[in-house]
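> next comes the sequence, and after it the predicted model I'd like to discuss.
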Amino acid sequence: MRWDRVADWWQLVKPRQTALLVFTGLVGHASASAPIARPGACAWLSLAGSLVAAIAGATILNMVYDRDVDAVMRRTRHRPLAEGRVDPARAALAGLWSSWLGIGWAFALAPLYGAVVLLGWVLDVAVYTMWLKRRTVWAVVVGGLAGGMPVLAGRVLAAGRVDVLGVLLAFSVVVWIPTHIMTFSVKYAADYRAAGIPVFPNRYGVKATQYVVGLSTLLAAQLMLTVTWLLSVPLGYLGAGAALSAVLIGLAANALVSPDVQRNIRLFRFASVYMLGSMGLVLLARA
């Protein structure tokens, strides 16, 4: 076995991004009073397996579709498909197979859960990547909606319905996406311009982008704290969530007042820590 080829295929599923989205799905499941360490372990494994397959499949298909764009951008030009180290037809087949497995598995577990997983797949692959990403800066909103589907799906599988808390959890991810993505687009604005991908910094300027990032950060922190409070978690967890939110808002304010690349990168990196930590607190409180 050639480990360099294994590594190429591993890159196609964007393991860190996929892991974070699957983790939010587990938190959504746990938030509905379905602790993963109890008899629901089988449900947890099925949830994780179906989400991994569906999200990995969608990610591979996105990479296949965007390989021409990736080849132009300095940040992505060394990806396996952009450099021709993986055959696009084989990758597309793998993406379709993985997507079919994940979505089919989800429908077998529960039709409503399957419908939410399918909706997330359609939003990500068909609407965001294939339709809007190359046409409008507002595609990021659809990308955010797709990112919110795993946590909603997890809660739907446990609760058996779409409820207010599930929607709030999903929107806490949706409004967090600009903090994560737009700070990145500020750093690589020239790359996106060269590739013909419209992004906020190139369309509306860096200052306007920072205002959007600041607003989305406030909304994400407010929503996440509201959901944590509604879940009646112990005060210690709520306090830890408030501390994480305070750091995130502070970094966003710092980047807004004195915007530069390093401040944005610090905000970008902490945004992932924030989402992981905030969701982790809900999981721990429910375990």
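Yes, it's here.
> chain neighbours aside, what residue packs nearest to residue 141?
Distances taken as Cβ to Cβ, 6 or more residues apart in numbering place residue 174 nearest to residue 141, at 7.8 Å, with adjacent residues excluded. (C-beta placed from N, C-alpha, C; glycine too.)
> over to residue 191?
The spatial neighbour of residue 191 that comes closest, neighbours along the chain excluded (Cβ to Cβ, 6+ apart), is residue 73 at 4.2 Å.
> quick one: that neighbour from residue 184, how far?
Residue 73 sits at a distance of 12 Å from residue 184 (criterion: Cβ to Cβ, to the nearest Å).
> where do the strands of the stretch 101-250 of the chain begin and end?
Taking DSSP state E, counting those that start in this stretch to define them, one finds no strands in the stretch 101-250 of the chain.
> any idea how far residue 177 lies from residue 229?
When Cβ to Cβ is the yardstick, residue 177 and residue 229 sit 22 Å from each other.
> same check, this time on residue 96
Using Cβ to Cβ, we find residue 96 at a distance of 42 Å from residue 229.
> can you check residue 179 too?
Distance, residue 179 to residue 229, using Cβ to Cβ: 21 Å.
> neighbour-wise, which of the two wins?
More crowded of residue 179 and residue 229, by other Cβ atoms under 10 Å: residue 179, with 31 against 13.
> check the gap between the more buried one and residue 191 for me.
When residue 179 is compared with residue 191 (using Cβ to Cβ), they lie 20 Å apart.
> equivalent analysis for residue 271, please.
Using Cβ to Cβ, one gets 20 Å for the distance from residue 271 to residue 191.
> neighbour count for those two, which is higher?
A direct count of neighbours by other Cβ under 10 Å for residue 271 and residue 191 places residue 271 higher, at 25 against 18.
> how far out from the middle of the chain is the helix or strand harbouring that one?
In this assignment (DSSP states H and E), residue 271 forms part of helix 261-286. Averaged C-alpha coordinates place helix 261-286 at 12 Å from its chain's average position (Cα atoms, centre = their mean, to the nearest Å).
> give me the pLDDT for the residue nearest the centre of the chain.
The chain has residue 147 as the residue nearest its centroid, 4.1 Å off, counting by Cα atoms, centre = their mean. At residue 147 the predicted local confidence, pLDDT, stands at 94.
> got it, and residue 39?
Looking at residue 39, its pLDDT reads 49.
> and residue 254, by the same measure?
On the pLDDT scale, residue 254 is placed at 86.
> how close does the residue nearest to residue 141 get to residue 280?
From residue 174 over to residue 280 (counting by Cβ to Cβ), the distance is 19 Å.
> more neighbours: the two, which one.
Under the neighbour definition other Cβ under 10 Å, residue 174 and residue 280 were set side by side, and residue 174 has more, 23 against 16.
> I'd assumed residue 147 was in contact with the more buried one.
Yes - under the criterion of Cβ atoms under 8 Å, residue 174 lies in contact with residue 147, with a separation of 6.9 Å.
> and the helices in this protein, which stretches?
Secondary structure of the chain, counting by DSSP state H: helices at 3-12, 15-31, 41-65, 67-72, 88-109, 111-121, 139-159, 164-174, 177-187, 189-195, 200-204, 206-230, 235-257, 261-286.
> between the ones you listed, which gets nearest to residue 81?
Proximity of the helices of the chain to residue 81 was assessed by Cβ to Cβ; the nearest stretch is helix 67-72, lying at 4.0 Å.
> return the residues in contact with residue 113.
Contact partners of residue 113, counting by Cβ atoms under 8 Å, 6 or more residues apart in numbering, are 106, 107, 153, 156, 157.
> show me the contacts for the spatially closest residue to it that is not a sequence neighbour.
Distances taken as Cβ to Cβ, 6+ apart put residue 157 closest to residue 113, at 4.2 Å, once the chain neighbours are dropped. If a contact means Cβ under 8 Å, 6+ apart, then residue 157 has 29, 43, 47, 109, 110, 113 as its contacts.
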